[in-house]
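1. Structure of the sequence below:
(4 chains)
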Protein chains: 2
Amino acid sequence: MTAMASKGSRSGGRISADQVKDILIVDDHPLMCDALSLTLKISFGLKAVRTARSLAAAVDQIKAQGAPDAVILDLNLPDARGAEGIVTLRRQLPDVPITMISADMDAAMISAAMAAGAQGYISKSLGREALVDSLRRMWDGEFVTPEGYEPDQADADDEARADLARRFATLTPQQMKILRLICQGKANKEISYELSIAEATVKTHITAIMSKINARRRTQAVLLANSVRLFEAG
Amino acid sequence: MTAMASKGSRSGGRISADQVKDILIVDDHPLMCDALSLTLKISFGLKAVRTARSLAAAVDQIKAQGAPDAVILDLNLPDARGAEGIVTLRRQLPDVPITMISADMDAAMISAAMAAGAQGYISKSLGREALVDSLRRMWDGEFVTPEGYEPDQADADDEARADLARRFATLTPQQMKILRLICQGKANKEISYELSIAEATVKTHITAIMSKINARRRTQAVLLANSVRLFEAG
DNA sequence: ATTCATACAACTTCGGTTGTATTGGCGGCA
DNA sequence: TGCCGCCAATACAACCGAAGTTGTATGAAT
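-> As a prediction, the model looks like this:
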(Lines give C-alpha, C1' and ligand atoms only; values in the text may rest on other atoms or scores of the structure.)
Protein backbone atom coordinates (compact mmCIF):
# COMPACT_ATOMS: atom_id res chain seq x y z
CA MET A 1 0.00 0.00 0.00
CA THR A 2 1.37 3.40 -0.90
CA ALA A 3 0.32 6.61 0.72
CA MET A 4 -1.15 9.95 -0.15
CA ALA A 5 -0.69 13.20 1.65
CA SER A 6 -2.21 16.53 2.39
CA LYS A 7 0.02 19.51 2.95
CA GLY A 8 0.46 21.43 6.14
CA SER A 9 2.83 21.26 9.09
CA ARG A 10 2.69 21.64 12.81
CA SER A 11 3.19 25.20 14.09
CA GLY A 12 6.72 25.66 15.39
CA GLY A 13 7.90 22.20 14.40
CA ARG A 14 10.88 21.01 12.43
CA ILE A 15 10.81 21.31 8.69
CA SER A 16 13.30 18.84 7.29
CA ALA A 17 13.65 15.07 7.40
CA ASP A 18 17.43 15.50 7.30
CA GLN A 19 17.40 16.88 10.79
CA VAL A 20 15.78 13.77 12.19
CA LYS A 21 18.55 11.89 13.96
CA ASP A 22 16.91 10.62 17.12
CA ILE A 23 13.88 8.39 16.73
CA LEU A 24 11.76 6.75 19.38
CA ILE A 25 9.75 3.64 18.51
CA VAL A 26 6.96 2.73 20.92
CA ASP A 27 5.67 -0.79 20.31
CA ASP A 28 5.22 -3.78 22.56
CA HIS A 29 5.89 -6.26 19.80
CA PRO A 30 9.65 -6.95 19.81
CA LEU A 31 9.78 -8.19 16.24
CA MET A 32 8.12 -5.08 14.96
CA CYS A 33 10.51 -2.94 16.97
CA ASP A 34 13.51 -4.73 15.52
CA ALA A 35 12.25 -4.67 11.97
CA LEU A 36 11.40 -1.00 12.17
CA SER A 37 14.60 0.12 13.80
CA LEU A 38 16.68 -1.89 11.33
CA THR A 39 14.89 -0.34 8.39
CA LEU A 40 15.30 3.11 9.84
CA LYS A 41 19.00 2.65 10.53
CA ILE A 42 19.66 1.53 6.99
CA SER A 43 17.41 3.94 5.17
CA PHE A 44 18.23 7.04 7.13
CA GLY A 45 21.77 6.19 8.11
CA LEU A 46 21.23 6.29 11.83
CA LYS A 47 23.52 4.65 14.33
CA ALA A 48 20.91 4.12 17.03
CA VAL A 49 17.17 4.11 17.47
CA ARG A 50 15.44 4.29 20.81
CA THR A 51 12.59 1.94 21.65
CA ALA A 52 9.99 1.62 24.39
CA ARG A 53 7.62 -1.24 25.14
CA SER A 54 4.78 0.75 26.62
CA LEU A 55 3.43 4.25 26.84
CA ALA A 56 4.61 4.59 30.43
CA ALA A 57 8.09 3.44 29.43
CA ALA A 58 8.13 5.96 26.60
CA VAL A 59 7.14 8.77 28.90
CA ASP A 60 9.81 7.83 31.42
CA GLN A 61 12.47 7.51 28.77
CA ILE A 62 11.69 10.91 27.32
CA LYS A 63 12.01 12.41 30.77
CA ALA A 64 15.32 10.65 31.34
CA GLN A 65 16.94 10.99 27.92
CA GLY A 66 15.19 14.00 26.48
CA ALA A 67 12.90 14.51 23.52
CA PRO A 68 13.50 12.57 20.30
CA ASP A 69 13.21 14.17 16.86
CA ALA A 70 10.36 11.86 15.87
CA VAL A 71 8.14 9.16 17.33
CA ILE A 72 6.64 6.05 15.79
CA LEU A 73 3.77 4.83 17.93
CA ASP A 74 1.82 1.58 17.88
CA LEU A 75 -1.92 1.97 18.17
CA ASN A 76 -2.39 -0.95 20.53
CA LEU A 77 -0.09 -0.72 23.49
CA PRO A 78 -0.55 -2.77 26.63
CA ASP A 79 -1.25 0.36 28.62
CA ALA A 80 -2.88 2.56 25.99
CA ARG A 81 -5.22 1.66 23.19
CA GLY A 82 -6.64 4.23 20.84
CA ALA A 83 -5.80 7.91 20.74
CA GLU A 84 -4.59 8.06 24.32
CA GLY A 85 -1.02 7.37 23.28
CA ILE A 86 -0.83 10.30 20.89
CA VAL A 87 -2.48 12.64 23.29
CA THR A 88 -0.17 11.66 26.12
CA LEU A 89 2.98 12.04 24.07
CA ARG A 90 1.78 15.31 22.55
CA ARG A 91 1.73 16.64 26.06
CA GLN A 92 5.45 16.01 26.42
CA LEU A 93 6.42 16.63 22.82
CA PRO A 94 4.34 19.45 21.41
CA ASP A 95 6.44 19.84 18.26
CA VAL A 96 7.67 16.34 17.47
CA PRO A 97 6.04 14.47 14.57
CA ILE A 98 4.23 11.38 15.84
CA THR A 99 3.53 8.61 13.38
CA MET A 100 0.82 6.09 14.18
CA ILE A 101 1.39 2.56 12.99
CA SER A 102 -1.33 -0.05 13.14
CA ALA A 103 -2.94 -2.99 11.42
CA ASP A 104 -6.33 -1.38 11.90
CA MET A 105 -7.20 0.60 8.79
CA ASP A 106 -10.61 1.74 10.02
CA ALA A 107 -11.28 5.20 8.62
CA ALA A 108 -12.82 6.43 11.86
CA MET A 109 -9.74 5.39 13.80
CA ILE A 110 -7.47 7.10 11.31
CA SER A 111 -9.30 10.38 11.51
CA ALA A 112 -9.43 10.10 15.27
CA ALA A 113 -5.65 9.67 15.33
CA MET A 114 -5.09 12.59 12.97
CA ALA A 115 -7.41 14.79 14.97
CA ALA A 116 -5.51 13.82 18.10
CA GLY A 117 -2.39 15.32 16.57
CA ALA A 118 -0.66 12.55 14.67
CA GLN A 119 1.58 13.60 11.79
CA GLY A 120 0.57 10.51 9.87
CA TYR A 121 -0.88 7.02 9.98
CA ILE A 122 0.64 4.02 8.27
CA SER A 123 -0.16 0.35 7.93
CA LYS A 124 1.92 -2.30 9.63
CA SER A 125 1.97 -4.24 6.43
CA LEU A 126 3.45 -1.42 4.39
CA GLY A 127 6.44 -2.28 2.23
CA ARG A 128 9.91 -0.99 3.07
CA GLU A 129 10.13 1.70 0.38
CA ALA A 130 6.64 3.00 0.97
CA LEU A 131 7.29 3.09 4.70
CA VAL A 132 10.49 5.07 4.33
CA ASP A 133 8.90 7.41 1.85
CA SER A 134 5.92 8.04 4.10
CA LEU A 135 8.12 8.74 7.10
CA ARG A 136 10.36 11.10 5.15
CA ARG A 137 7.35 13.05 3.96
CA MET A 138 5.97 13.26 7.47
CA TRP A 139 9.26 14.54 8.81
CA ASP A 140 9.20 17.13 6.07
CA GLY A 141 5.94 18.38 7.46
CA GLU A 142 3.28 16.60 5.45
CA PHE A 143 0.30 14.92 7.03
CA VAL A 144 0.39 11.44 5.54
CA THR A 145 -2.59 9.12 5.58
CA PRO A 146 -3.13 5.76 3.89
CA GLU A 147 -4.19 5.76 0.28
CA GLY A 148 -7.91 5.40 0.00
CA TYR A 149 -8.53 7.34 3.15
CA GLU A 150 -10.50 10.51 2.65
CA PRO A 151 -10.70 12.89 5.61
CA ASP A 152 -14.45 12.26 5.74
CA GLN A 153 -16.55 15.39 5.51
CA ALA A 154 -13.96 17.03 7.74
CA ASP A 155 -14.69 20.73 7.93
CA ALA A 156 -16.09 21.97 11.20
CA ASP A 157 -16.53 18.45 12.51
CA ASP A 158 -12.85 17.56 12.33
CA GLU A 159 -11.92 21.00 13.54
CA ALA A 160 -13.93 20.41 16.69
CA ARG A 161 -12.40 17.01 17.21
CA ALA A 162 -8.88 18.36 16.91
CA ASP A 163 -9.74 21.03 19.42
CA LEU A 164 -11.17 18.41 21.74
CA ALA A 165 -8.04 16.30 21.39
CA ARG A 166 -5.96 19.31 22.34
CA ARG A 167 -8.03 19.63 25.47
CA PHE A 168 -7.51 15.99 26.36
CA ALA A 169 -3.79 16.57 25.91
CA THR A 170 -3.82 18.94 28.87
CA LEU A 171 -4.87 16.18 31.28
CA THR A 172 -2.24 15.16 33.81
CA PRO A 173 -1.26 11.48 34.08
CA GLN A 174 -3.38 10.97 37.16
CA GLN A 175 -6.32 12.65 35.51
CA MET A 176 -5.93 10.43 32.47
CA LYS A 177 -5.98 7.33 34.67
CA ILE A 178 -9.11 8.55 36.38
CA LEU A 179 -10.81 9.39 33.12
CA ARG A 180 -10.04 5.94 31.83
CA LEU A 181 -11.70 4.35 34.86
CA ILE A 182 -14.68 6.67 34.50
CA CYS A 183 -14.96 5.48 30.91
CA GLN A 184 -15.16 1.95 32.21
CA GLY A 185 -18.23 2.86 34.20
CA LYS A 186 -16.57 2.81 37.60
CA ALA A 187 -17.81 4.78 40.60
CA ASN A 188 -15.65 7.32 42.40
CA LYS A 189 -15.23 5.02 45.36
CA GLU A 190 -13.97 2.20 43.15
CA ILE A 191 -11.56 4.57 41.44
CA SER A 192 -10.22 5.82 44.74
CA TYR A 193 -9.60 2.24 45.78
CA GLU A 194 -7.82 1.31 42.57
CA LEU A 195 -5.55 4.33 42.74
CA SER A 196 -5.15 4.22 46.51
CA ILE A 197 -6.23 7.80 47.08
CA ALA A 198 -9.19 9.33 48.89
CA GLU A 199 -12.53 9.61 47.15
CA ALA A 200 -12.35 13.36 47.74
CA THR A 201 -9.19 13.51 45.68
CA VAL A 202 -10.80 11.59 42.88
CA LYS A 203 -13.59 14.13 42.86
CA THR A 204 -11.14 17.01 42.66
CA HIS A 205 -9.48 15.48 39.65
CA ILE A 206 -12.81 14.82 38.01
CA THR A 207 -13.82 18.44 38.44
CA ALA A 208 -10.54 19.45 36.81
CA ILE A 209 -11.04 16.98 33.97
CA MET A 210 -14.53 18.15 33.24
CA SER A 211 -13.51 21.76 33.31
CA LYS A 212 -10.73 21.01 30.82
CA ILE A 213 -12.91 19.15 28.37
CA ASN A 214 -16.01 21.27 28.89
CA ALA A 215 -18.25 18.58 30.31
CA ARG A 216 -20.71 19.01 33.12
CA ARG A 217 -21.85 15.44 33.77
CA ARG A 218 -19.61 12.43 33.84
CA THR A 219 -21.68 10.77 31.14
CA GLN A 220 -20.74 13.66 28.86
CA ALA A 221 -17.09 13.08 29.68
CA VAL A 222 -17.49 9.46 28.62
CA LEU A 223 -19.16 10.48 25.37
CA LEU A 224 -16.47 13.04 24.57
CA ALA A 225 -13.68 10.55 25.26
CA ASN A 226 -15.38 8.00 23.04
CA SER A 227 -15.94 10.55 20.30
CA VAL A 228 -12.19 10.93 19.88
CA ARG A 229 -11.60 7.25 20.62
CA LEU A 230 -9.38 8.08 23.55
CA PHE A 231 -9.67 4.57 24.93
CA GLU A 232 -10.53 1.55 22.83
CA ALA A 233 -12.31 -1.55 24.15
CA GLY A 234 -11.07 -3.00 27.35
CA MET B 1 -22.29 -7.53 -4.20
CA THR B 2 -23.65 -11.01 -3.61
CA ALA B 3 -24.22 -12.53 -0.23
CA MET B 4 -23.18 -15.46 1.87
CA ALA B 5 -25.15 -17.10 4.62
CA SER B 6 -24.96 -19.14 7.76
CA LYS B 7 -27.73 -21.54 8.61
CA GLY B 8 -30.11 -21.35 11.52
CA SER B 9 -33.58 -19.90 12.03
CA ARG B 10 -35.46 -18.04 14.70
CA SER B 11 -37.27 -20.24 17.23
CA GLY B 12 -41.00 -20.44 16.44
CA GLY B 13 -40.72 -18.45 13.22
CA ARG B 14 -41.93 -19.19 9.73
CA ILE B 15 -39.98 -21.58 7.59
CA SER B 16 -40.80 -20.84 3.99
CA ALA B 17 -40.43 -17.81 1.75
CA ASP B 18 -43.56 -18.88 -0.07
CA GLN B 19 -45.67 -17.96 2.92
CA VAL B 20 -44.45 -14.38 2.92
CA LYS B 21 -47.32 -12.36 1.48
CA ASP B 22 -47.39 -9.26 3.61
CA ILE B 23 -44.25 -7.16 3.71
CA LEU B 24 -43.55 -3.95 5.57
CA ILE B 25 -40.84 -1.62 4.34
CA VAL B 26 -39.60 0.99 6.80
CA ASP B 27 -37.54 3.66 5.09
CA ASP B 28 -37.77 7.41 5.05
CA HIS B 29 -36.39 7.73 1.55
CA PRO B 30 -39.37 7.64 -0.83
CA LEU B 31 -37.36 6.54 -3.84
CA MET B 32 -35.90 3.61 -1.98
CA CYS B 33 -39.37 2.63 -0.78
CA ASP B 34 -40.73 2.70 -4.31
CA ALA B 35 -37.84 0.84 -5.82
CA LEU B 36 -37.95 -1.84 -3.17
CA SER B 37 -41.69 -2.37 -3.22
CA LEU B 38 -41.71 -2.54 -7.02
CA THR B 39 -38.97 -5.15 -7.01
CA LEU B 40 -40.76 -7.16 -4.37
CA LYS B 41 -44.08 -7.03 -6.17
CA ILE B 42 -42.55 -8.27 -9.38
CA SER B 43 -40.18 -10.86 -7.97
CA PHE B 44 -42.52 -12.36 -5.39
CA GLY B 45 -45.82 -11.77 -7.15
CA LEU B 46 -47.31 -9.60 -4.45
CA LYS B 47 -50.19 -7.23 -5.07
CA ALA B 48 -49.37 -4.81 -2.28
CA VAL B 49 -46.50 -3.89 -0.01
CA ARG B 50 -46.88 -1.81 3.11
CA THR B 51 -44.50 1.05 3.81
CA ALA B 52 -43.73 3.33 6.73
CA ARG B 53 -41.62 6.48 6.82
CA SER B 54 -40.41 6.23 10.40
CA LEU B 55 -40.08 3.82 13.24
CA ALA B 56 -43.00 5.39 15.06
CA ALA B 57 -45.17 5.12 11.94
CA ALA B 58 -44.19 1.47 11.57
CA VAL B 59 -45.13 0.72 15.16
CA ASP B 60 -48.49 2.45 14.77
CA GLN B 61 -49.24 0.70 11.52
CA ILE B 62 -48.50 -2.71 12.96
CA LYS B 63 -50.87 -1.97 15.82
CA ALA B 64 -53.57 -0.82 13.41
CA GLN B 65 -53.16 -3.35 10.60
CA GLY B 66 -51.56 -6.28 12.35
CA ALA B 67 -48.19 -7.98 11.98
CA PRO B 68 -46.61 -8.38 8.54
CA ASP B 69 -44.87 -11.59 7.45
CA ALA B 70 -41.56 -9.81 7.01
CA VAL B 71 -39.97 -6.43 7.59
CA ILE B 72 -37.31 -4.57 5.66
CA LEU B 73 -35.80 -1.86 7.80
CA ASP B 74 -33.56 1.06 6.92
CA LEU B 75 -30.65 1.58 9.30
CA ASN B 76 -30.94 5.34 9.38
CA LEU B 77 -34.44 6.47 10.15
CA PRO B 78 -35.31 10.00 11.20
CA ASP B 79 -36.37 8.77 14.62
CA ALA B 80 -34.06 5.79 15.09
CA ARG B 81 -30.50 5.29 14.02
CA GLY B 82 -28.58 2.12 14.73
CA ALA B 83 -29.91 -0.99 16.36
CA GLU B 84 -32.79 0.75 18.07
CA GLY B 85 -35.12 0.05 15.16
CA ILE B 86 -34.57 -3.69 15.24
CA VAL B 87 -34.91 -3.87 18.96
CA THR B 88 -38.13 -1.88 18.94
CA LEU B 89 -39.74 -3.92 16.21
CA ARG B 90 -38.60 -7.18 17.73
CA ARG B 91 -40.64 -6.22 20.74
CA GLN B 92 -43.81 -6.18 18.65
CA LEU B 93 -42.86 -8.91 16.22
CA PRO B 94 -40.95 -11.64 18.03
CA ASP B 95 -41.11 -14.11 15.14
CA VAL B 96 -41.05 -11.99 12.00
CA PRO B 97 -37.80 -11.89 10.00
CA ILE B 98 -36.37 -8.37 9.99
CA THR B 99 -33.95 -7.45 7.23
CA MET B 100 -31.64 -4.50 7.72
CA ILE B 101 -30.82 -2.48 4.66
CA SER B 102 -28.13 0.17 4.70
CA ALA B 103 -25.35 1.82 2.78
CA ASP B 104 -23.07 1.39 5.80
CA MET B 105 -21.09 -1.83 5.42
CA ASP B 106 -19.12 -1.41 8.63
CA ALA B 107 -18.49 -4.86 10.09
CA ALA B 108 -19.16 -3.70 13.64
CA MET B 109 -22.52 -2.31 12.63
CA ILE B 110 -23.43 -5.52 10.86
CA SER B 111 -22.65 -7.69 13.83
CA ALA B 112 -24.46 -5.27 16.10
CA ALA B 113 -27.53 -5.56 13.90
CA MET B 114 -27.35 -9.34 13.79
CA ALA B 115 -26.89 -9.54 17.54
CA ALA B 116 -29.91 -7.29 17.94
CA GLY B 117 -31.99 -9.92 16.20
CA ALA B 118 -31.92 -9.12 12.50
CA GLN B 119 -32.47 -12.01 10.10
CA GLY B 120 -30.03 -10.48 7.66
CA TYR B 121 -28.21 -7.36 6.51
CA ILE B 122 -27.99 -6.22 2.93
CA SER B 123 -26.44 -3.35 1.04
CA LYS B 124 -28.54 -0.61 -0.50
CA SER B 125 -26.48 -0.89 -3.61
CA LEU B 126 -27.19 -4.59 -4.07
CA GLY B 127 -28.37 -5.69 -7.52
CA ARG B 128 -31.94 -6.83 -8.07
CA GLU B 129 -31.21 -10.57 -8.37
CA ALA B 130 -28.90 -10.65 -5.38
CA LEU B 131 -31.41 -8.69 -3.35
CA VAL B 132 -34.26 -11.04 -4.15
CA ASP B 133 -32.09 -14.06 -3.55
CA SER B 134 -30.94 -12.74 -0.18
CA LEU B 135 -34.47 -11.97 0.93
CA ARG B 136 -35.77 -15.36 -0.13
CA ARG B 137 -33.03 -17.09 1.81
CA MET B 138 -33.75 -14.99 4.88
CA TRP B 139 -37.43 -15.83 4.69
CA ASP B 140 -36.46 -19.47 4.46
CA GLY B 141 -34.76 -19.08 7.77
CA GLU B 142 -31.15 -18.34 6.91
CA PHE B 143 -29.16 -15.57 8.53
CA VAL B 144 -27.79 -13.67 5.57
CA THR B 145 -24.88 -11.27 5.85
CA PRO B 146 -22.90 -9.47 3.16
CA GLU B 147 -20.15 -11.35 1.46
CA GLY B 148 -16.84 -10.58 3.05
CA TYR B 149 -18.35 -10.21 6.45
CA GLU B 150 -17.10 -12.71 8.99
CA PRO B 151 -18.94 -12.84 12.32
CA ASP B 152 -15.77 -11.63 13.99
CA GLN B 153 -14.56 -13.89 16.74
CA ALA B 154 -18.19 -14.41 17.61
CA ASP B 155 -18.47 -17.12 20.24
CA ALA B 156 -19.05 -15.91 23.76
CA ASP B 157 -18.67 -12.28 22.75
CA ASP B 158 -21.50 -12.32 20.24
CA GLU B 159 -23.55 -14.49 22.54
CA ALA B 160 -23.34 -11.84 25.23
CA ARG B 161 -24.24 -9.08 22.80
CA ALA B 162 -27.29 -10.94 21.58
CA ASP B 163 -28.37 -11.43 25.16
CA LEU B 164 -27.86 -7.77 25.84
CA ALA B 165 -29.89 -6.85 22.78
CA ARG B 166 -32.72 -9.04 24.05
CA ARG B 167 -32.65 -7.12 27.29
CA PHE B 168 -32.84 -3.80 25.47
CA ALA B 169 -35.83 -5.19 23.60
CA THR B 170 -37.78 -5.33 26.85
CA LEU B 171 -37.61 -1.56 27.32
CA THR B 172 -40.92 0.26 26.99
CA PRO B 173 -41.18 3.16 24.50
CA GLN B 174 -40.89 5.74 27.25
CA GLN B 175 -37.89 3.96 28.70
CA MET B 176 -36.27 3.89 25.29
CA LYS B 177 -36.75 7.64 24.92
CA ILE B 178 -35.22 8.23 28.31
CA LEU B 179 -32.29 5.96 27.62
CA ARG B 180 -31.62 7.82 24.40
CA LEU B 181 -31.48 11.11 26.25
CA ILE B 182 -29.23 9.60 28.89
CA CYS B 183 -26.93 8.50 26.08
CA GLN B 184 -26.77 12.10 24.95
CA GLY B 185 -25.37 13.08 28.32
CA LYS B 186 -28.50 14.80 29.58
CA ALA B 187 -29.35 15.24 33.24
CA ASN B 188 -32.56 13.89 34.74
CA LYS B 189 -33.99 17.36 35.04
CA GLU B 190 -33.40 18.08 31.37
CA ILE B 191 -34.98 14.76 30.43
CA SER B 192 -38.04 15.47 32.55
CA TYR B 193 -38.41 18.80 30.79
CA GLU B 194 -38.09 17.34 27.31
CA LEU B 195 -40.64 14.63 28.02
CA SER B 196 -42.87 16.86 30.13
CA ILE B 197 -42.94 14.58 33.12
CA ALA B 198 -41.67 14.96 36.68
CA GLU B 199 -38.03 14.31 37.45
CA ALA B 200 -39.20 11.66 39.91
CA THR B 201 -40.81 9.77 37.07
CA VAL B 202 -37.67 9.92 35.02
CA LYS B 203 -35.81 8.40 37.91
CA THR B 204 -38.31 5.56 38.21
CA HIS B 205 -37.86 4.71 34.57
CA ILE B 206 -34.11 4.87 34.88
CA THR B 207 -34.17 2.43 37.76
CA ALA B 208 -36.28 0.10 35.63
CA ILE B 209 -33.93 0.47 32.66
CA MET B 210 -30.85 -0.25 34.69
CA SER B 211 -32.44 -3.25 36.29
CA LYS B 212 -33.34 -4.60 32.85
CA ILE B 213 -29.89 -4.16 31.37
CA ASN B 214 -27.97 -5.00 34.53
CA ALA B 215 -26.30 -1.65 35.00
CA ARG B 216 -25.72 0.07 38.30
CA ARG B 217 -24.44 3.46 37.23
CA ARG B 218 -25.77 5.52 34.37
CA THR B 219 -22.36 5.63 32.75
CA GLN B 220 -22.52 1.85 32.51
CA ALA B 221 -25.91 2.14 30.84
CA VAL B 222 -24.35 4.46 28.26
CA LEU B 223 -21.49 2.06 27.65
CA LEU B 224 -23.82 -0.92 27.26
CA ALA B 225 -26.05 0.97 24.82
CA ASN B 226 -23.00 2.00 22.82
CA SER B 227 -21.60 -1.52 22.84
CA VAL B 228 -24.62 -2.73 20.88
CA ARG B 229 -24.79 0.53 18.94
CA LEU B 230 -28.31 1.19 20.11
CA PHE B 231 -28.16 4.82 19.09
CA GLU B 232 -25.82 6.16 16.46
CA ALA B 233 -24.45 9.71 16.37
CA GLY B 234 -26.90 12.51 16.79
C1' DA C 1 9.08 32.64 44.02
C1' DT C 2 5.69 31.01 41.42
C1' DT C 3 3.28 27.54 39.20
C1' DC C 4 1.39 22.94 38.86
C1' DA C 5 0.08 18.38 40.24
C1' DT C 6 -1.63 16.03 43.90
C1' DA C 7 -4.20 15.57 48.08
C1' DC C 8 -8.11 16.06 51.48
C1' DA C 9 -12.58 17.88 53.91
C1' DA C 10 -17.04 20.31 54.17
C1' DC C 11 -20.86 21.38 51.69
C1' DT C 12 -24.47 21.30 47.80
C1' DT C 13 -26.68 19.11 44.12
C1' DC C 14 -27.87 15.19 41.54
C1' DG C 15 -28.68 10.34 40.82
C1' DG C 16 -30.90 6.09 42.24
C1' DT C 17 -34.20 3.28 45.48
C1' DT C 18 -38.45 2.28 47.39
C1' DG C 19 -43.31 2.60 48.17
C1' DT C 20 -47.59 3.86 46.21
C1' DA C 21 -51.36 5.50 42.94
C1' DT C 22 -53.63 5.73 38.40
C1' DT C 23 -54.52 4.27 33.83
C1' DG C 24 -55.43 1.30 29.74
C1' DG C 25 -55.32 -3.18 27.58
C1' DC C 26 -56.45 -8.11 27.78
C1' DG C 27 -58.25 -12.72 29.10
C1' DG C 28 -61.72 -15.04 31.56
C1' DC C 29 -66.40 -15.70 32.74
C1' DA C 30 -71.19 -15.07 33.24
C1' DT D 1 -71.73 -8.63 24.78
C1' DG D 2 -70.48 -6.70 28.85
C1' DC D 3 -68.38 -7.00 33.32
C1' DC D 4 -64.43 -8.09 36.23
C1' DG D 5 -59.92 -8.65 37.74
C1' DC D 6 -55.11 -8.63 36.42
C1' DC D 7 -50.91 -6.98 34.74
C1' DA D 8 -47.94 -3.63 32.37
C1' DA D 9 -46.82 1.00 31.82
C1' DT D 10 -46.72 5.47 33.50
C1' DA D 11 -46.63 8.73 37.12
C1' DC D 12 -45.11 11.01 41.60
C1' DA D 13 -42.82 11.86 46.51
C1' DA D 14 -39.63 11.01 50.20
C1' DC D 15 -35.49 9.21 51.44
C1' DC D 16 -30.33 8.09 51.08
C1' DG D 17 -26.08 7.60 48.96
C1' DA D 18 -23.10 9.14 45.12
C1' DA D 19 -21.43 12.91 42.31
C1' DG D 20 -19.66 17.43 41.83
C1' DT D 21 -17.97 22.23 43.98
C1' DT D 22 -15.14 25.02 46.70
C1' DG D 23 -11.48 26.17 49.81
C1' DT D 24 -7.10 24.89 51.37
C1' DA D 25 -2.53 22.60 51.88
C1' DT D 26 1.90 20.39 50.52
C1' DG D 27 5.80 18.84 47.78
C1' DA D 28 8.12 18.97 43.13
C1' DA D 29 9.56 21.30 39.10
C1' DT D 30 11.01 25.52 36.70
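2. Please parse chain A into its domains.
-> Segmentation of chain A into domains, based on automatic domain parsing, reads A:3-146, A:171-227.
3. Confidence-wise, which of those is weakest overall?
-> Mean pLDDT values for those show the minimum at domain A:3-146, a mean of 86.
4. what's the offset of it from the middle of its chain?
-> Chain-centre distance of domain A:3-146: 9 Å, with CA atoms, centre = their mean, to the nearest Å.
5. closest to DNA strand C out of the domains of chain A?
-> Checking those against DNA strand C by CB to the nearest atom of the strand gives domain A:171-227 as the closest, at 3.0 Å. All C-beta spots, glycine's among them, are computed from the backbone N, C-alpha and C.
6. and that closest one, does that touch DNA strand C?
-> Yes. Residues of domain A:171-227 contacting DNA strand C under CB under 7 Å from any atom of the strand: A:172-175, A:195, A:197-198, A:200-201, A:203-205, A:208, A:217.
7. picking up where we left off before, want to throw the domains of chain A into a markdown table with mean neighbour count?
-> Shown next, in a markdown table, are the domains of chain A (neighbours: other CB atoms under 10 Å in any protein chain shown):
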| stretch | mean neighbour count |
| --- | --- |
| domain A:3-146 | 18 |
| domain A:171-227 | 17 |
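8. restrict the residues of domain A:171-227 next to DNA strand C to contacts with chain B.
-> Near chain B, judged by CB under 8 Å from any CB of the partner chain, the entries from the residues of domain A:171-227 next to DNA strand C are A:R217.
9. quick one on the thing from earlier: quick one: closest of the domains of chain A to B:R137.
-> domain A:3-146 (29.1 Å; CB to CB).
10. Run the contact check for that closest one versus DNA strand D.
-> No. Domain A:3-146 does not reach DNA strand D (CB under 7 Å from any atom of the strand); its nearest approach is 7.9 Å.
11. Is that domain positioned near DNA strand C?
-> No. Judged by CB under 7 Å from any atom of the strand, domain A:3-146 and DNA strand C are separated, with a smallest distance of 8.4 Å.
12. re the thing from before, in CSV, list the domains of chain A along with distance to B:I62.
-> Shown next, in CSV, are the domains of chain A (distance: least, CB to CB, whole Å):
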stretch, distance to B:I62
domain A:3-146, 34
domain A:171-227, 32
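13. Straight-line length of stretch A:105-124, end to end?
-> For stretch A:105-124, the first-to-last residue distance is 10 Å (CA to CA, to the nearest Å).
14. which of the residues of domain A:171-227 next to DNA strand C lies closest to chain B?
-> Chain B lies nearest to A:R217 out of the residues of domain A:171-227 next to DNA strand C, by CB to the nearest CB, at 5.8 Å.
15. I figured the closest one hits B:A187, correct?
-> Yes. Counting by CB atoms under 8 Å, B:A187 is a contact partner of A:R217 at 6.0 Å.
16. A strand includes A:Y121, no?
-> Yes. According to DSSP: H, G, I helix; E, B strand; the rest coil, A:Y121 belongs to a strand.
17. Phi, psi for the residue nearest to A:V20 when sequence neighbours are not counted please.
-> Nearest residue to A:V20, sequence neighbours excluded (CB to CB, 6 or more residues apart in numbering or on different chains): A:D69, at 4.4 Å. A:D69 adopts backbone torsions of phi -90, psi -20, taken as degrees, to the nearest 10.
18. just checking, A:D69 touches A:S16?
-> No. Counting by CB under 8 Å, A:S16 is not a contact partner of A:D69; they are 10.4 Å apart.
19. shared neighbours of these two, anything?
-> Common neighbours of A:D69 and A:S16, using CB atoms under 8 Å, 6 or more residues apart in numbering or on different chains, are A:W139.
20. which residues does the residue nearest the centre of chain A contact?
-> Nearest to the mean C-alpha position of chain A, counting by CA atoms, centre = their mean, stands A:I86 at 1.4 Å. A:I86 is in contact with A:73, A:98, A:100, A:113, A:116-118, A:165, counting by CB under 8 Å, 6+ apart.
21. could you pull out the helices for chain A?
-> A:30-44, A:55-65, A:84-92, A:107-115, A:128-139, A:155-168, A:173-182, A:188-195, A:199-213, A:218-227 (DSSP state H).
22. And those helices: which comes nearest B:G45?
-> helix A:107-115 (41.5 Å).
23. Check which helices and strands that closest one sits against.
-> strand A:120-123, strand A:143-146, helix A:155-168 (3 or more CB pairs under 8 Å, 6 or more residues apart in numbering or on different chains; DSSP states H and E).
24. redo that, cut-off 10 Å
-> If you count contacts as 3 or more CB pairs under 10 Å, 6 or more residues apart in numbering or on different chains; DSSP states H and E, helix A:107-115 packs onto helix A:84-92, strand A:98-102, strand A:120-123, strand A:143-146, helix A:155-168, helix A:218-227.
25. okay, the ones you listed in JSON lines with distance to A:V49 next?
-> Formatted as JSON lines, those follow (distance: least, CB to CB, whole Å):
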{"stretch": "helix A:84-92", "distance to A:V49": "16"}
{"stretch": "strand A:98-102", "distance to A:V49": "13"}
{"stretch": "strand A:120-123", "distance to A:V49": "17"}
{"stretch": "strand A:143-146", "distance to A:V49": "20"}
{"stretch": "helix A:155-168", "distance to A:V49": "27"}
{"stretch": "helix A:218-227", "distance to A:V49": "32"}
